[in-house]
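Engineer: task: produce atomic coordinates for the following.
(2 chains, ligands or ions: 2)
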Amino acid sequence: MKQASGIVRPKGWWQTLQRLFLFAVLGLFCIYYLVPLFVMVSTSLKSLAEIREGTLLAPPRAINGEAWAKAWSTACVGVRCNGLAPYFMNSVLMVVPAVLISTFLGALNGYALTKWRFRGADMIFALMLFGAFIPFQVILLPMARTLGELGLAGTIPGLVFVHTVYGLAFTTLFFRNFFIGVSDGIVQAAQIDGAGFFGIFFRIVLPMSIPAIVVTVIWQFTQIWNDFLFGIAFTVGESNPVTVALNNVVNTSTGVKEYNVDMAAAIIAALPTLAVYVLAGAWFVRGLSAGAVKG
Amino acid sequence: MAGISLKGVRKNFGATEVIKGIDLDIEQGEFVVLVGPSGCGKSTLLNLIAGLETLSAGDILIGGRTVNDVPPRDRDIAMVFQSYALYPTKTVRDNITFGMETRGVPKAAQAAALKEFAGLLQIDHLLDRKPGQLSGGQRQRVAMGRALVRKPEVFLFDEPLSNLDAKLRIEMRTEIKKLHQRLGKTVVYVTHDQIEAMTLASRIAVMDEGHIRQLADPETVYEDPVDLFVAGFMGSPPMNMLAGRLVRDGGMAVLCDDGPSQIRFPLPDRIAGRVAGSEGRDVVLGLRPETIFAAGTQLPGPDRFLFERPVVVDEPTGPDTMIVFEIGGQDLIARVRPKDARPPGAPFRFEVEMDRAKLFDARTGLRL
Ligand SMILES: Nc1ncnc2c1ncn2[C@@H]1O[C@H](COP(=O)(O)OP(=O)(O)OP(=O)(O)O)[C@@H](O)[C@H]1O
Ligand SMILES: [Mg+2]
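Structural biologist: Numbering: from 1, shown residues only, chains lettered A, B, ... in the order given. Ligands and ions are numbered 1, 2, ... in the order given. As a prediction, this is how the structure comes out:
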């Protein structure tokens, strides 16, 4: 095969063999990761009768959307049988503000810590970094107290608050590391041009940090959407996020175990993070190799 | 109307002192050029004037007002950064108008100013590009444009033409000079280009290791350098420096080792008078290349000294040819007319204008 672009590679049968081996290994890993997903999707599309035949790896004989419909709107979560829909909405109401606020504050922190260096900036950053290493479990009780004091216990705004605070350590870290690579001269030029702290932030710095924003948003979205512990600890019944509800769907026994409904519910709960990856995936990769975004 | 005064200005970065006590009074409308070796603190000094760095000690006044604690945006200055520092996400147009926009200049006035300077800097065809899509020289001109459009009281330029080709650089130099004459604003200008410094400056400040060695008009700095450092720094090719000893026989003269023998440069009365009575002192004789030429090729004058040496290397530059020769193992450069040049190895009769020679104390480096 003629090479059209990129780094010139050596040719010959040995190289070809190496490539074949490489692809074989990669293919194997691909299958390893994709089989469970395939089983989930195909199971969710089967009828209960078909599942009982025990052909786990076989594709469904006929596409059957009933399990999806049930998981979405009529499956029983505990005692209420409205499906996942309301809890899915809870998660959306939680994740959107939490991601936006924590990303915005992280950007502001990173900007202040790198471009408006003040006495103790390094100390503050070190402390914030420390926050990133505190295990979830440690803050459960103090946070429950705090939410109680604030009157936010058991509510979605309470959960937004928890995720924002806990996420700040990460978002600040991401943005600080991005801004440290942005030339100080640009900020100085903007100062001479008459812009102030926020003027520079919104009009110069933020437009430059789109790759960092994308990475942070993906990270925060995945973390917050998939969170189970905070959800189960700080919300009750109808304010549960979808992850908690999913757990309850699976654990609510009405006699027969409806594997197809469970699988459909699990996929529904995982769909938003998948969507975010697919939509922003290209950006994610570009943002990780962030050196390439200057100039 | 704004002049600039620096009083005892110092700046440390941690333990290293970068600016070591500078006093400088710049009149309103003056064009002061800062020159000095790389790392001597020129950019730091500009940053201090701009307010981008905090003073460690001393005072800075702009237009008679102490601005030590005034942030950059309120100092009414514009600056061209050595690193350009363009806004990467903005187009050239928005880069240039950003400063006017933040200051609420009406759109029509912005457009007029943009048009004026984009034309002058020859970047009108680049207005819709992003900085990443420009060459180095184009970026530099955008950086110039961004500073010029605002017409503040004080301009700070940090090597604004360093990246342009020779022709464009001369054009821009002339434009800057015209602009300065038209606007009459105060300018502080850093450059490594000797000719830029000489042609633009109303005064040149020669800096070295955080000090100002000499501050004077270009002619004085060139013809009357205060010490060896200034003499060696200004001029291209640099001044020839010959180590020697003061002797008296007949008149005063400088005796230099020249291999097995010695060579005597007789001093003109003007210089001799100043060093009378200090025979035996170690000195450095400074001879600018253009004061050494082929014997008999210029109108005769007083205090000429003739000697002969073989040519070591000849370097044509176009209008002149540089002839390198040796005295006592040291390379010296003479500037001769191209038609007088000889090939390497050929004997050459040189004539020196001793009247324009400079004499320095070898120990202190100070001018005698
Ligand atoms: N932020 C800083 N921290 C520590 N040292 C610094 C800092 N900025 C500059 N310096 C030091 O101060 C000295 C002067 O730097 P400056 O940039 O003013 O030099 P310059 O005269 O502009 O040189 P050039 O002609 O190469 O631009 C240098 O030795 C440099 O290493
Ligand atoms: Mg510099």
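Engineer: need the residue closest to the centroid of chain A.
Structural biologist: residue A:222 (1.0 Å; Cα atoms, centre = their mean).
Engineer: helix or strand: which one has the closest residue to that residue other than its chain neighbours?
Structural biologist: Nearest residue to residue A:222, sequence neighbours excluded (Cβ to Cβ, 6 or more residues apart in numbering or on different chains): residue A:273, at 5.0 Å. The C-beta positions use only the backbone N, C-alpha and C, and glycine is treated the same way. Using DSSP states H and E, residue A:273 maps to helix A:259-288.
Engineer: for residue B:100, same thing?
Structural biologist: helix B:92-102.
Engineer: output the contacting helices and strands for that helix.
Structural biologist: Judged by 3 or more Cβ pairs under 8 Å, 6 or more residues apart in numbering or on different chains; DSSP states H and E, the packing partners of helix B:92-102 are helix B:107-120, helix B:136-148.
Engineer: still on that earlier bit, buried residues in the helix or strand that contains the residue nearest to the centre of chain A?
Structural biologist: Assessed by DSSP H and E, residue A:222 sits inside helix A:210-226. Applying a neighbour-count criterion of 16 or more other Cβ atoms under 10 Å in any protein chain shown, one finds A:211-226 buried in helix A:210-226.
Engineer: where does the closest residue to ligand 1 within chain A fall, phi/psi-wise?
Structural biologist: Using Cβ to the nearest ligand atom, the single residue of chain A nearest to ligand 1 is residue A:184, 9.1 Å away. Dihedral pair for residue A:184: phi -60, psi -30, per degrees, to the nearest 10.
Engineer: and the residue lying closest to it once chain neighbours are set aside, how many neighbours?
Structural biologist: Distances taken as Cβ to Cβ, 6+ apart place residue A:115 nearest to residue A:184, at 6.7 Å, with adjacent residues excluded. Residue A:115 is flanked by 21 other residues according to other Cβ atoms under 10 Å in any protein chain shown.
Engineer: how close does residue A:115 sit to residue A:204?
Structural biologist: Residue A:115 sits at a distance of 10 Å from residue A:204 (criterion: Cβ to Cβ, to the nearest Å).
Engineer: quick one, what contacts the residue lying closest to residue B:134 once chain neighbours are set aside?
Structural biologist: Closest residue in space to residue B:134, ignoring its immediate chain neighbours: residue B:126 at 6.4 Å, by Cβ to Cβ, 6+ apart. With contact taken as Cβ atoms under 8 Å, 6 or more residues apart in numbering or on different chains, residue B:126 is in contact with B:92, B:134, B:138, B:142.
Engineer: check these and tell me the two furthest apart.
Structural biologist: Maximum pairwise distance among the contacts of residue B:126 (Cβ to Cβ): 8.5 Å, between B:92 and B:138.
Engineer: quick one: which of these two has more around it?
Structural biologist: Set side by side, residue B:92 and residue B:138 show more neighbours around residue B:92, with 28 against 20, by other Cβ under 10 Å.
Engineer: how far away is the more buried one from residue B:181?
Structural biologist: Residue B:92 is 27 Å from residue B:181, by Cβ to Cβ.
Engineer: show me what contacts the residue in chain A positioned nearest to ligand 2?
Structural biologist: Among all residues of chain A, residue A:185 sits closest to ligand 2, at 11.5 Å; criterion: Cβ to the ion. Residue A:185 makes contact with B:81, B:83-85, according to Cβ under 8 Å, 6+ apart.
Engineer: can you tell me the closest non-neighbouring residue to it?
Structural biologist: Here the residue nearest residue A:185, using Cβ to Cβ, 6+ apart, is residue B:85, at 3.3 Å.
Engineer: just to check, the one you found is in contact with residue B:142?
Structural biologist: No. Using Cβ atoms under 8 Å, residue B:85 makes no contact with residue B:142, being 10.6 Å away.
Engineer: look at the two and report which has more neighbours.
Structural biologist: residue B:142 (27 against 23).
Engineer: which other helices and strands contact the helix or strand hosting residue A:246?
Structural biologist: Here residue A:246 sits within helix A:242-251, counting by DSSP H and E. With contacts taken as 3+ Cβ pairs under 8 Å, 6+ apart, helix A:242-251 sits against helix A:85-115, helix A:210-226, helix A:229-234, helix A:259-288.
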